[in-house]
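Asks: Task: produce atomic coordinates for the following.
(one chain, ligands or ions: 3)
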Amino acid sequence: MNALKQNKEQIHQRHNRVQHHSGSKRSLNKPMLLQAMRDAFKKLNPMVMIKNPVMFIVEVGTFITLLLCIDPNLFTASDAGRGYNVAVFFILLFTLLFANFAEALAEGRGKAQADTLRKTKSDTIAYLMQKDGTVKQVASTELKKGDLVRVEAGQLIPTDGEIIEGLASIDESAITGESAPVIKEAGGDFSSVTGGTRVTSDYIIMRVQTDPGESFLDRMISLVEGAQRQKTPNEIALTTLLAVLTLIFLIVILTMVPMANYLGIRLDLATLIALLVCLIPTTIGGLLSAIGIAGMDRVTQFNVLAMSGKAVEAAGDIDTLILDKTGTITYGNRMASEFIPVQGVTVPEMTLAALQASVRDETPEGRSVVELASKQGQSWEESNYTNADRIEFTAETRMSGLNLSDGTKIRKGAVDAIKRYVTSEGGRVPGDLDEIATRIAKAGGTPLAVAIHNRIYGVIYLKDTVKPGLKEKFAEMRAMGIKTIMCTGDNPLTAATIALEAGVDDFIAEAKPEDKIAAIKKEQQEGKLVAMTGDGTNDAPALAQADVGLAMNSGTMAAKEAANMIDLDSDPTKLLSVVSIGKQLLITRGALTTFSISNDIAKYFAIIPAMFILAMPQLQALNIMNLSSPQSAILSALIFNAIIIPLLIPIAMKGVKYRPMSAERLLSRNVFIYGVGGVIVPFIGIKLIDLVLSGLM
Ligand SMILES: Nc1ncnc2c1ncn2[C@@H]1O[C@H](COP(=O)(O)OP(=O)(O)OP(=O)(O)O)[C@@H](O)[C@H]1O
Ligand SMILES: [K+]
Ligand SMILES: [Mg+2]
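Replies: Ligands and ions are numbered 1, 2, ... in the order given. Next comes the predicted model:
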């Protein structure tokens, strides 16, 4: 057994020596811009365009104007010169291209990242373990669920799986970017490995958990690429609203024609189209999808994978955050640090009992007990236990142990669980047990009681460390109005100590998986949006129940599959960034919608007088903006309408800056900036463009 201990220490030493950095910052570059320009043209395809009703109407208008360029009198007799029609056509075409460019640009970063990930996915050779104990070389693409594979130092892990034997240092930078190698080992919450990562020391034997094409890396590629991107309910609602507005303006413009005819005014078709495009919400219509994609992309830049935009938006409105303790708030490498016997038991007796209870326990906790006992010189005969019945640890029973072939029953587990166990076996609880357990729990440790038959021998002191910097982050969450609740399977005293140290608002102790779900449901019934972070298989149902389920990448595959977000850095406070991004996404969309609509109102006043002056020069008094000519006024408004889209791309991509403040203040602030700004900016912009145009003509 000394071999195991030594081995683990060496691995940790080797692990600490390896320092890895792979800078993969994805900023905008020239190839990405060129690609976005090409894509802007490809997206002109009407079948693609129709998904965006506002811009589809612009495309129809562009097409009609193109026909008018060929024959100005095609539909009605017109006074407009061909040059004017050509000008309107090109401005409309650029309006479309600008909107498409915004979307393509937002998609670009994800595509670039997907390409990088695809390189990681290159086929590797896997060493498949055969039934007869031999090893066969196969292509990684041939591996199926359940296959056993051996991976040595230096080799790539061929696909996702769970370590069933071994402990190794693993370089996950291909997936997580800049992080240093992590230690993965069989049993417990740190046993999952991801295809595309590399074993850097020692070896593992893993059981394949996914079929070809469904691996984490595959999912990650289609995610960052946006292949799975679906409009969120919010986006669908806004798109519908914009489509309705477009329809209303279309009707308004159409009814203007008979009215003008009645007054003896002839309205030119190209001008009507220009007016329509100026009035319908093209700014937000052109930027809407870019805002959503960029929001998802910002989350990715924080090393969080969001499975849906809906999850990111939900994060923006979170009221309650429920966190798992071990592995989320603490590092999760709970290690045995002391064996404390109850009165009447000697330390060696207790050490042996603890060792016996753990020899077949494959969880990190179990192995740490064996390690400590070996370190303290306790020897044991392996063959005595190989035929014993193993009682595996479950989150339900909160116990583990062995039934030896001679009938001896050995158990260890949560103190209350062991107390119940020995009582049911007809034993009694030693008088000093609670005192020992309390002492450990008050120090933030986890006490594990050990029993043989119906006799309790003592307590194992499991130590864990709270991750640094949590208190400040939870305080920030409190300032944002988010309540944090720690939910743990551990006893109330340990929970209270860790809760205090981490600075969470509340805690729930002795929670079984169903209690975690119940806690979430209770909050949801009060109308709250709930986020949950966790790493264990027992957290998976709760992660699925929560509105935002954030799994730690260090955690089990089950947790990662149930969650709708995965933090590649395994930092529970990352949710804070995701919340900010979610809020920022909602605010950005709201701000640009406000800006777009108030812009359109302003353009209305710039363009309507011009239209009527065009038909009735005696209305010159209406020309309050003193634009050089009616045609120049219309073209200026239309040019402004087009170039405002690329000008706003940076805001759409970066997001409106979010500062924690009350929702009402935020709303009134944004309505002021983007509403009032939206009215003023077009007047200035159109006047400037008109000055330039009249200078040119
Ligand atoms: N290997 C083990 N053998 C016996 N008992 C264990 C073992 N590991 C943990 N326990 C006991 O079971 C309790 C629940 O453990 P578990 O790791 O499932 O907690 P949890 O529900 O995931 O909560 P958290 O991760 O927040 O601590 C622990 O507090 C401990 O008392
Ligand atoms: K518009
Ligand atoms: Mg856990």
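
Asks: Could you pick out the residues of this structure near ligand 1 for me?
Replies: Neighbours of ligand 1 within the chain, by CB under 6 Å from any ligand atom: 324-327, 361, 363, 365-366, 393, 395, 398-400, 412-414, 446, 448, 488-490, 511, 536, 538. All C-beta spots, glycine's among them, are computed from the backbone N, C-alpha and C.

Asks: which among those residues end up buried?
Replies: 324-327, 361, 363, 365-366, 393, 398-400, 412-414, 446, 448, 488-490, 511, 536, 538 (16 or more other CB atoms under 10 Å).

Asks: same for ligand 3: which of the residues of the chain next to ligand 1 are within range?
Replies: For ligand 3, the contacts drawn from the residues of the chain next to ligand 1 by CB under 5 Å from the ion are 324, 326, 536.

Asks: Those in helices, which ones?
Replies: Here DSSP state H is the test, and these give no hits in helices at all.

Asks: In a markdown table: these, plus pLDDT.
Replies: Output for these, formatted as a markdown table (pLDDT from 0 to 100):
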| residue | pLDDT |
| --- | --- |
| Asp324 | 88 |
| Thr326 | 86 |
| Gly536 | 85 |
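
Asks: Any regions of this protein where pLDDT drops low?
Replies: Scanning the chain with the threshold set as pLDDT under 70 gives 1-28, 77-80, 177-179, 227-228, 614-615, 621-624, 660-663.

Asks: Which positions in it make contact with ligand 2?
Replies: Going by CB under 5 Å from the ion, the residues of the chain near ligand 2 are 282, 600, 641.

Asks: so which of the residues you listed would you say is closest to ligand 3?
Replies: Thr282 (50.5 Å; CB to the ion).

Asks: Now do the contacts for the closest one.
Replies: Thr282 sits next to 54-55, 58, 95, 99, 596, 641, 645 when contact means CB atoms under 8 Å, 6 or more residues apart in numbering.

Asks: again, only using 6 Å
Replies: Val54 (CB atoms under 6 Å, 6 or more residues apart in numbering).

Asks: I'd like the numbering to begin with 15 instead of 1 from here.
Replies: Done: numbering now begins at 15, and the last item shifts to Thr296.

Asks: Would you map the helices across the stretch 215-364 of the chain?
Replies: With DSSP state H, counting those that start in this stretch as the criterion, the stretch 215-364 of the chain has helices at 230-239, 247-276, 283-293, 296-315, 323-329, 361-372.

Asks: how big is the angle separating the first one from helix 296-315?
Replies: Using axes from the mean of the first three to the mean of the last three CA atoms, to 10 degrees, one finds that helix 230-239 and helix 296-315 are set 150 degrees apart in direction.

Asks: Serialize the residues of the chain next to ligand 2 to CSV and add fields for distance to Tyr276.
Replies: Shown next, in CSV, are those (distance: CB to CB, whole Å):
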residue, distance to Tyr276
Thr296, 30
Asp614, 26
Asn655, 29
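
Asks: Assign a three-state SS to the closest residue to Arg164 other than its chain neighbours, would you?
Replies: Spatially, and ignoring its direct neighbours in sequence, Arg164 is nearest to Tyr141 (4.6 Å; CB to CB, 6 or more residues apart in numbering). Secondary structure, DSSP: H, G, I helix; E, B strand; the rest coil: Tyr141 is strand.

Asks: partner residues bridging Tyr141?
Replies: Gln151, Arg164 (DSSP bridges).

Asks: nearest to ligand 1, of the residues of the chain next to ligand 2?
Replies: Of all the residues of the chain next to ligand 2, the one with the least separation from ligand 1 (CB to the nearest ligand atom) is Thr296, at 50.8 Å.

Asks: hmm, back to that, from the residues of the chain next to ligand 1, which land in helices?
Replies: 379-380.

Asks: Point me to the residue sitting farthest from the middle of the chain.
Replies: Gln632 (60.7 Å; CA atoms, centre = their mean).

Asks: Nearest to Leu476 among the ones next to ligand 3 among the residues of the chain next to ligand 1?
Replies: The shortest approach to Leu476 among those belongs to Thr340, at 9.5 Å (CB to CB).

Asks: ok, the nearest residue to the closest one once chain neighbours are set aside - how many residues close by?
Replies: Spatial nearest neighbour of Thr340, chain neighbours left out: Gly346 (4.9 Å); criterion: CB to CB, 6+ apart. Gly346 has 23 neighbours, counted by other CB atoms under 10 Å.

Asks: Phi and psi next, for Gly346.
Replies: The phi/psi pair for Gly346 (degrees, to the nearest 10) reads phi 90, psi 0.

Asks: Tell me which residues touch Thr334, please.
Replies: So Thr334 contacts 497, 537, 542, 544 (CB under 6 Å, 6+ apart).

Asks: again, only this time at 7 Å
Replies: Contact analysis of Thr334 by CB atoms under 7 Å, 6 or more residues apart in numbering lists 496-497, 499, 537, 542, 544.

Asks: and Ile171, what does it touch?
Replies: Contacts for Ile171 (CB under 7 Å, 6+ apart) come out as 165, 207-213.

Asks: Number of residues surrounding Asn248?
Replies: 18.

Asks: Show me the residues of the chain next to ligand 1 that map onto strands.
Replies: 338, 413-414, 426-428, 460, 462 (DSSP state E).

Asks: got the buried residues for the longest strand seen in the chain?
Replies: When the chain is scanned for its longest strand (criterion: DSSP E), the result is strand 175-185. Neighbour-count burial for strand 175-185 flags 175-177, 180-185 (criterion: 16+ other CB under 10 Å).

Asks: Please tell me how far Glu327 sits from Ser215.
Replies: From Glu327 across to Ser215, the span is 42 Å (CB to CB, to the nearest Å).

Asks: and what of Ile432?
Replies: Look at Ile432 and Ser215: by CB to CB, they are 37 Å apart.

Asks: Those two: which is more packed in?
Replies: When Ile432 and Ser215 are compared for neighbours, Ile432 comes out ahead with 26 against 22, by other CB under 10 Å.

Asks: and the more buried one, what is it in contact with?
Replies: Contacts of Ile432 by CB under 7 Å, 6+ apart are 413, 425, 463, 465, 470.

Asks: Now for the second one, how many residues are close by?
Replies: For Arg425, the count of nearby residues is 24 (other CB under 10 Å).

Asks: which residues does the nearest residue to it once chain neighbours are set aside contact?
Replies: Spatial nearest neighbour of Arg425, excluding adjacent residues (CB to CB, 6+ apart): Gly415 at 3.9 Å. By CB under 7 Å, 6+ apart, the contact set of Gly415 is 371, 405, 424-426.

Asks: So what does Ile171 have for phi and psi?
Replies: phi -80, psi 120.
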